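J.: what shape does this take:
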Amino acid sequence: MVALLCIGIFEQAFEKWKERKAEYLREQSRKEKQSERIRKKKEEELVAEKKRDSMSAVEKWCYSAGLWNVIEKKERKEQRAKKQKKMHAVHGDEAPSPWSPPGKVTY
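T.: Next comes the predicted model:
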């Protein structure tokens, strides 16, 4: 009878220990998952920030390249107008020749 009583007490203690161990493992698992979610969120934010920075840099580059193209076009247009004005001053109203070989200068 005493042996059965001792076995019952040990079984109860073991069951209690098993429950505490299971609760501990569940808590550890929950903490790990929470930590993983936080790490993943930070990583996603970092990736998003890098993407924003990259897009910003690309947008700035495109803007400056576009601005540069506009300036170059304006300069070429001005040079062309200046050249035409000079040609008009030299030749007056006479019609330009239809074609001239490369390297031949006409004034």
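J.: where does pLDDT dip in this structure?
T.: The model of the chain has pLDDT under 70 over residues 1-2, 4, 92-98, 104-107.
J.: give me that answer again for 50
T.: The model of the chain has no residue with pLDDT under 50.
J.: which SS state does Ser100 fall under?
T.: coil (DSSP: H, G, I helix; E, B strand; the rest coil).
J.: ranges for the helices of this structure?
T.: Ranges of helices in the chain, per DSSP state H, are 2-91.
J.: where does the spatially most central residue of it sit relative to Ser64, distance-wise?
T.: The centroid of the chain falls nearest to Lys51 when counting by CA atoms, centre = their mean (2.2 Å). Going from Lys51 to Ser64 by CB to CB, to the nearest Å gives 20 Å. (Glycine included, C-beta is placed from N, CA and C.)
J.: same question for Lys31.
T.: Lys31 is 49 Å from Ser64, by CB to CB.
J.: swap in Ile71?
T.: Using CB to CB, Ile71 is found at 10 Å from Ser64.
J.: now swap in Val70 and tell me
T.: Applying CB to CB to Val70 and Ser64 gives a distance of 11 Å.
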